[in-house]
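S.K.: just to be clear, the model below is a prediction. Sequence and coordinates:
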Amino acid sequence: MPIAVTVEYRNETRTKGGFNALYIALLLLSLHWAVVLYINSSYLEQFVSSRVVSILYTVGALITIAGFLYASPLLSKIGNLRLSIILTILEFAALLGMAFIENVYVAMTLFVLHQAIVPILLFNLDIFMEELIGEKEESTGGRRGLLLTIMSITAACASLGMGKLLGTGIPDFTSVYVVSALILIPFL
């Protein structure tokens with residue numbers, strides 16, 4: 001005689017699988033981000049002065065803030081999943097563009113786009129986590145702690161891999177940005 005599957009069991013199973021998927025997604029997003037994290041300013045200094053690099057970081061931060069301020073109506077209109085997909089595709093295109101474009105203005109625009117998208121994608125993952133946690137608020141701290149641990153370990157390990165990709169001598173940023181973009185494929 002078959003055993004009835006309760007709604008509670010279904011929800012618990014979905015939640016466990018959802019958290020595993022979320023952790024893997026965060027690992028991939030963190031790896032993609034950390035691979036280029038420490039070389040972005042060096043990449044930009046091929047084109048512009050360090051003063052302009054600082055301005056570009058500031059512009060990226062301001063666009064991110066604007067994105068956060070506009071996030072609620074945008075999420076209501078198109079949803080978190082669709083927004084995550086759109087932003088991931090834009091990030092993929094920005095990184096590939098940074099790998100191969102040699103035009104200074106395009107490179108700067110793509111960098112600012114890259115700087116603005118990553119924090120919003122992390123915010124989207126946080127929304128997915130909140131959905132999975134639901135009313136089980138007692139697990140929130142442990143779940144967030146695990147997410148931060150994954151991000152920290154990934155950032156530490158990615159810097160080692162990035163050093164291998166850059167090589168010695170004159171740095172070739174192309175391979176690093178391509179690898180970072182390719183990591184987004186399984187994330188997507």
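M.R.: Sure, I can see it. Residues are numbered from 1 along each chain as shown.
S.K.: pLDDT weak spots in the chain?
M.R.: 1-16, 139, 163, 166-169 (pLDDT under 70).
S.K.: who are the packing partners of the helix or strand containing residue 127?
M.R.: Element membership of residue 127 [criterion: DSSP states H and E] is helix 104-133. If contacts are counted by 3 or more CB pairs under 8 Å, 6 or more residues apart in numbering; DSSP states H and E, helix 104-133 sits against helix 7-37, helix 40-44, helix 50-78, helix 80-100, helix 140-166. From N, CA and C alone the C-beta is placed, and that goes for glycine too.
S.K.: what comes up buried for that helix?
M.R.: 107-121, 123-125, 128-129, 132-133 (16 or more other CB atoms under 10 Å).
S.K.: okay if I get the helices and strands packed on helix 104-133 as TSV plus mean neighbour count and distance to residue 176?
M.R.: As requested, these are arranged in TSV below (neighbours: other CB atoms under 10 Å; distance: least, CB to CB, whole Å):
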stretch	mean neighbour count	distance to residue 176
helix 7-37	16	6
helix 40-44	17	8
helix 50-78	13	17
helix 80-100	18	8
helix 140-166	14	5
